[in-house]
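Colleague: could you work out the structure for the sequence below:
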Amino acid sequence: MKKTALLLVTLMTIASCTSDKEIIEKESPKLLNKQISVESYDDDGDPDTPYVESTTTSTYHYNDKYELLKIIHESPEVVEKTLFTYTNGKITKTEDIDSNGRTDRYSEYEYTGDLLTKQTNYNSLNAINSIREYQYNSDSKLEKTTTEQFFNSNTNTVVSSYEYLSDNKVKETTDTDTNYTIYTFDNKNSPLINIVGVKAILQSDFEGGGTHNITLVQEFDKDNKELGSYKTIYKYDSDNFVIERDESSNDYSYVVTYEYNK
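Modeller: Sure thing, here's the model as predicted:
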């Protein structure tokens with residue numbers, strides 16, 4: 001009897017510890033706290049003069065639901081911020097505020113189920129700059145975007161289509177250009193992946209990296225001749241999250257470091 005009681009206590013203790021661990025992991029996702037971007041470049045072509053260097057520090061602020069409330073962007077010259085509005089766990093509005101506290105631009109997002117289906121972008125005068133609609137295939141992967149851009153009384157429409165060449169390669173074509181682009185991604189985590197509501201936006205934005213991180217972008221003409229390319233180099237932590245992104249070239253340096261809550 002004592003052995004049975006001891007076994008029950010032991011099992012309850014293990015179950016309790018496991019449950020507590022699961023709750024902690026569920027309620028405490030790994031989140032981006034700070035992003036530091038350092039840009040350095042030659043602005044006059046004179047090798048004897050120092051490079052121009054600028055640093056921007058972006059800090060991420062969350063509520064107790066791990067929804068992103070705002071990002072504050074600070075540089076020596078200005079302090080700007082981006083505000084986020086959620087509805088039922090989905091991001092429905094982002095707003096960029098300039099250093100004078102005025103709205104510079106904002107975007108509104110619409111969904112069908114868990115998929116982003118429409119993004120409307122406005123300028124500081126509340127006029128629509130562009131509208132982008134998203135279509136997905138049967139696997140819920142992005143298949144096509146239709147973007148309407150408004151300039152005064154003119155409207156320009158661009159349709160982009162996406163073909164999945166492999167698990168980490170996507171081909172993008174548009175109806176306004178015979179050239180095409182191929183994006184290659186790693187299999188690691190986007191720094192933003194755990195932020196509530198962000199995944200739906202990430203998976204519809206290959207140019208921005210998607211849910212992973214772009215390692216190579218290649219441009220080809222209609223005869224499949226490569227016109228140009230650029231690489232991005234990453235460093236990762238033990239959880240496969242990016243801790244450094246390097247987009248430097250010969251006379252230009254752009255390095256971003258990322259800091260997380262754990």
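
Colleague: use CA for all of it now, contacts and neighbours both
Modeller: OK.

Colleague: quick one: low-confidence ranges for this protein?
Modeller: For the chain, the stretches with pLDDT under 70 are 1-27, 43-49.

Colleague: please identify which helix or strand holds Ala200.
Modeller: Element membership for Ala200, per DSSP states H and E: helix 199-202.

Colleague: what packs against that helix?
Modeller: When contacts are defined as 3 or more Cα pairs under 8 Å, 6 or more residues apart in numbering; DSSP states H and E, helix 199-202 packs onto strand 115-123.

Colleague: any idea how many residues pack against Asp167?
Modeller: 10 (other Cα atoms under 10 Å).

Colleague: contacts for the helix holding Ala200?
Modeller: If you take Cα atoms under 8 Å, 6 or more residues apart in numbering as the criterion, helix 199-202 is touched by Asp114, Leu115, Leu116, Leu192, Ile193, Gly208, Gly209, Gly210, Thr211.

Colleague: now, among those residues, which is nearest to Tyr41?
Modeller: Distance to Tyr41, by Cα to Cα, is smallest for Gly208 among the contacts of helix 199-202, at 22.4 Å.

Colleague: that closest one - how many residues pack around it?
Modeller: Gly208: 13 neighbours (other Cα under 10 Å).

Colleague: for Asp251, see how far away it is.
Modeller: Distance of Gly208 to Asp251, given as Cα to Cα, to the nearest Å: 23 Å.

Colleague: list the strands paired with the helix or strand just after the helix holding Ala200, with their directions.
Modeller: With elements assigned by DSSP H and E, the helix or strand that comes after helix 199-202 is strand 214-220. Partner strands and pairing direction for strand 214-220 (DSSP bridges) are strand 177-185 (antiparallel), strand 226-231 (antiparallel).

Colleague: out of those strands, flag the one nearest Leu68.
Modeller: Proximity to Leu68 (Cα to Cα) singles out strand 177-185 among those, at 25.0 Å.

Colleague: ok, and what's touching the closest one?
Modeller: For strand 177-185, the external contacting residues (Cα under 8 Å, 6+ apart) are 168-174, 206-207, 209, 212-222.

Colleague: buried sites along the host helix or strand of Tyr111?
Modeller: Element membership of Tyr111, judged by DSSP H and E, is strand 103-112. Across strand 103-112, burial judged by 16 or more other Cα atoms under 10 Å covers Thr103, Asp104, Arg105, Tyr106, Ser107, Glu108, Tyr109, Glu110.
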